[in-house]
Each structure stands twice: as C-alpha cells, then as structure tokens.
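Student: Next one to model:
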Amino acid sequence: MTILVTGATGTVGRRVAGELIQAGHRVRALTRDPSRANLPAGVEVVAGDLTVTDSLVPVFDGVTAAHLITFGGKDFGALRNGQEIVDLAVKAGVRRVTVLGGWDEGTLEPAVRAGALDWTFVQPTEFMSNALHWAEGVRAEGVVREPFGDATTAMVHEADIAAVAATALVRDGHAGRTYGLTGPERLTTRDKVRIIGEAIGREVRFVELTEAQARARMAAQGMPPELIDFLIGVFGDVPVEPNTVNSTIEEVTGRPARSFAQWAAENAAAFRA
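Tutor: Numbers count the residues shown, from 1 in each chain. Prediction:
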C-alpha cells in the first residue's frame, strides 16, 4: 500500500514520512518543490499543490491512505477545495486519512466527515517548535521578549504529533476519532525560557512586552491585523480545553509524550551563539 503525505516538508509532515518509511511502508510525499524536499531515503517525492486540484490527480494514483493538512499554497491559507480533494481521493481508492487540523475549520474537515473515508482528526495544541522563533534573540542577546509571561500552555512535541498520525494511518481502531494532543505538562512562557537556558547551559532572560508593544512588533514584521488579533487572543486568554494535559499520545502510540525539556535538549544547537 502507498501512503500519501501532504505537507511533507513541514514540521509534522516530514516526521510523518520518516515514521512511515522507518516502519517499512511505501511513502509518497507531496511538495510544491521536490528539488528542495530533502526527505529520507526511500520516500517517493512528487510535485503538486493542494490548492490546485488538477495537480493532485496523478499524486493520488495507487494511494490507499493519506495524511492531509488543511491549508496550502504560498500563503498557507485554509484550503478552499476540500470537497474536490475528498472526491478525488475517494475516486482514486483512498480508504483511510488522517487530517492535521488547526484552530479553525476550513472546507476540508466537513468534506472528510461527510465522505466515505475512514478518518482520524489530529488536533495538537501549541507546537514545541514554535519556540524556535526565539532562537535569534537567544543567540544574539540571551533574551526572549514576549507578552503574557504567565500564559500557560501544554506544548506538544512535533514528533509525537507525527507518531499519532502515522499510527492512525496504518493501524485499525482509530476511524472516526478526533485526537486532541498535548504535551505532558503545562508551562508558562517564563518556564519555557528557563528550560531553554538550562538546555544550553546559559541563562536566558525573559523580558515581558506589553500588549501594545507586542502588537507593534508583529505589525512591523508584516503580520496581517487578523493574525495579530488571533495571536493576542490565544495567548492573552489561553483556551483551557486544548491545554488540559491528556494521555492521548501514550494511549495511541504506546509511548509517553515527550517533554519540553527533551525538545529543548534536542534543539539546543539552534539557540547557541
């Protein structure tokens, strides 16, 4: 069986492809630019764009399971052709899909639910890899500047997200399930900064920005107003349910969720000057 991984060069998709290839499965990876994919040996890399349905016709040929993401294109916007993608997958003989979802639904999620596919939705809370946005400041100054120092989230390791998706693609018992994924603990922004410092053996200072300062910085970085409002809303008033620690990762994969300290140790080189 051939398993299609969309978003294969992304934070999670790359790891989904790696998990599947290591387990001995045949993997086809979708990317807009195969020349830059740099995926594990054995992965079949194909060109295509999730936002352009016609480009996906040959991509789905011979595929029986697929890992789907809900966004695409150069602007990473929510897919507008979700129904067309589902119709194409069903016609090609795809039987099982995982869907990596975000905060808001687009057109793909309802099309998947209403269709003939066996589906599993994977809905992680904040990615641990988001902390890489701090790397430049840590390397240059040993400082992280953010608002909401006491905002508490249950960050999840991207490898754990991938492991859940890969498991649901190849094992029975996951159809019709929605898995909200968390890490093993809730941490404040200050905690995360401290843990990064411990991983690199160097104190990292946390400087708390006001909301106005944070908005001004994001605007200067070119973020659209609606994204700024979203981020301020999420971290200014952290949603409780997605950040309530659960054991889903261990229940699905048989392995406990990785801690942020593990993630920081694995990625320490990114924060060292």
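
Student: Provide a list of residues in contact with Thr167.
Tutor: Thr167 sits next to His174, Val252, Thr253 when contact means Cβ atoms under 8 Å, 6 or more residues apart in numbering. In short, each C-beta sits where N, CA and C put it, glycine included.

Student: could you redo the last one with a cut-off of 10 Å?
Tutor: Glu19, Ala23, Thr98, Thr120, Gly173, His174, Tyr179, Ile249, Val252, Thr253, Gly254 (Cβ atoms under 10 Å, 6 or more residues apart in numbering).

Student: Tell me the spacing between the third one and Asp172.
Tutor: Put plainly, it is Thr98. Thr98 sits 14 Å away from Asp172, taking Cβ to Cβ, to the nearest Å as the criterion.

Student: so what sits against both of those two?
Tutor: Shared contacts of Thr98 and Asp172 (Cβ under 10 Å, 6+ apart): Asp118.

Student: Determine which member of those two has the greater number of neighbouring residues.
Tutor: The neighbour comparison of Thr98 against Asp172 (other Cβ atoms under 10 Å) goes to Thr98, with 27 against 8.

Student: so when I look at that one, I'm seeing a strand, right?
Tutor: Yes: Thr98: assigned to a strand according to DSSP: H, G, I helix; E, B strand; the rest coil.

Student: so who does it touch?
Tutor: Thr98 sits in contact with 3, 5, 16, 65-69, 112, 118-122, 164-169, 174, 179, where contact means Cβ under 10 Å, 6+ apart.

Student: Swap in 7 Å and give it another go.
Tutor: The contact partners of Thr98, by Cβ atoms under 7 Å, 6 or more residues apart in numbering, come to His67, Leu68, Thr120, Val122, Ala165, Ala168, Leu169.

Student: As CSV, those residues with secondary structure and pLDDT would be great.
Tutor: Converted to CSV, these look like this (DSSP: H, G, I helix; E, B strand; the rest coil; pLDDT from 0 to 100):
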residue, secondary structure, pLDDT
His67, strand, 98
Leu68, strand, 98
Thr120, strand, 98
Val122, strand, 98
Ala165, helix, 98
Ala168, helix, 98
Leu169, helix, 98
